[in-house]
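Q: When you get a sec, could you give me coordinates for this:
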Amino acid sequence: MKPGVWIEAGIVIIYGASLDAAAHSHHAMQVIWPKSDSLCKLNNVDITELAIIGSQVEHQLQMPEGWILLVEPKSVLGQALSGKLAGAPQQTFHSSFSGTMKSPAQNEELIEFLSPLFQALELTRQVLPVNKSTVADKRIQQLVFELDQCLHGDCIKPTNWRAAAVASQLALSESRFLHLFRQELGIAWRPYLLWRRMMCAVRAIVNNASATEAAHLAGFSDSAHLSRTFRNTFGMTIRQAHALLLKT
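A: Next up, the predicted model:
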C-alpha cells in the first residue's frame, strides 16, 4: 500500500513506511497501528499491537510500516481515546491488521480500512469523517473553526493571529482570551498556534512543496526554522518526512 496522508479538522491520518522518529512530544494524541509482520519499537520496546499515546507524552517510534492517527485531544475522538487511557501515558490494545490492503481512494474506503482499529478500541468509526471539537465556549469554537479553514487552502495563520488582535475580535481582553483559550483547549494559545502551523507545513510537504516553500507557507522565517521545529515536534527531519510520506 502506498504512503498517504489525510488531514481533516481534529485528525491527521498517515499510512507510511520506514518511520524512524527520535524522542519527541506534541499536542495531539497519537494512535499507532503497526502492520502485523513489521518489527515496531515504541520507546525501544517491541510492540505488535495498536497503541494510544497521550497528548504531550514523549515517545520514540520505529515502525517499518503502518498507520498513525494524530488526534486533537479536545475532540469527540480525542475524548474517547482519553477514556481508553484512563490516566495512563500510553496503552496497547490487541487488534488484527490486514497485510493485503490497497490505497483508499475515497474517505469511505479509508473508514473501512480503519474499522478493525476502531473495533479493537470498542469505538464507533463514525467519528472519522467529522471529528467534532468538544470546545464549549462559542467564541473559541468559532476561532478553531476559522483556523480549520486553511486545512484545504492556503495557510492563513502567518500574519493574522496575534493574541491581542484575536482577543479584540472576540471582544475579550488579551488576558481573558489567553485564560479562556487554555481552559477550553488544554494548551496555551502560542504553542497551539505553532502546532496548527505545523499541520499546514505537513500539508505543504504532502503536496510536494520544498522545505523552503513549506516554511514560507506556514509562516516560518526560513527552512532552518521549520526544520528545527519539525524535528522537535515529530522527531524527524523534513527530508525524513518527505521519504515517509511521498515514497511510491
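
Q: wait, isn't Leu226 in contact with Gly219?
A: No: using Cβ atoms under 8 Å, Leu226 makes no contact with Gly219, being 9.4 Å away. Using the backbone N, CA and C atoms, a C-beta is placed for each residue, glycine as well.

Q: Please identify which of those two sits among more neighbours.
A: Neighbour tally, Leu226 and Gly219, criterion other Cβ atoms under 10 Å: the higher count belongs to Leu226, 25 against 20.

Q: for the record, mean pLDDT for stretch 6-18?
A: Per-residue pLDDT over stretch 6-18 has a mean of 88.

Q: oh sorry, the question was meant for stretch 58-78
A: Mean predicted lDDT for stretch 58-78 stands at 94.

Q: sec struct for the spatially most central residue of the chain, please.
A: Central residue of the chain (Cα atoms, centre = their mean): Leu70, 3.1 Å from the mean position. For Leu70, the assignment made with DSSP: H, G, I helix; E, B strand; the rest coil gives strand.

Q: from memory it sits against Ile7, does it?
A: No: look at Leu70 against Ile7 with Cβ under 8 Å: they stay out of range, at 9.2 Å.

Q: Common neighbours of the two, please.
A: With contacts taken as Cβ atoms under 8 Å, 6 or more residues apart in numbering, Leu70 and Ile7 have Ile13 as neighbours in common.

Q: Touching, Ala163 and Ala188? I think so.
A: No: judged on Cβ under 8 Å, Ala163 makes no contact with Ala188 at a distance of 9.6 Å.

Q: list residues touching both of the two?
A: Joint contacts of Ala163 and Ala188 (Cβ under 8 Å, 6+ apart) are Leu178.

Q: which parts of stretch 169-177 are buried?
A: By neighbour count with 16 or more other Cβ atoms under 10 Å, stretch 169-177 contains the buried residues Leu170, Leu172, Phe177.

Q: Quick check: the gap between the second one and Phe93.
A: Computed with Cβ to Cβ, to the nearest Å, the distance linking Leu172 and Phe93 is 41 Å.

Q: Equivalent analysis for the first one, please.
A: Applying Cβ to Cβ, the value for Leu170 to Phe93 is 40 Å.

Q: and what of Val166?
A: 39 Å.

Q: quick one, phi/psi of Lys84?
A: Main-chain torsions, Lys84, degrees, to the nearest 10: phi -70, psi -30.

Q: what's the neighbour count on it?
A: As a burial measure, Lys84 scores 15 neighbours (other Cβ under 10 Å).

Q: what does the one 10 residues further on give?
A: Using other Cβ under 10 Å, the number of residues around His94 comes to 8.

Q: Can you give me every residue that contacts it?
A: Residues near His94 by Cβ under 8 Å, 6+ apart: Glu49, Ala120.

Q: Check it and give its pLDDT.
A: 85.

Q: Which parts of this protein are strands?
A: 4-8, 11-24, 29-34, 40-42, 45-47, 50-53, 59-71, 90-93 (DSSP state E).

Q: quick one: buried residues of the last one?
A: What that stands for is strand 90-93. Neighbour-count burial for strand 90-93 flags Gln90, Gln91 (criterion: 16+ other Cβ under 10 Å).

Q: quick one: Asp154 and His216, what's the gap?
A: Distance of Asp154 to His216, given as Cβ to Cβ: 11 Å.
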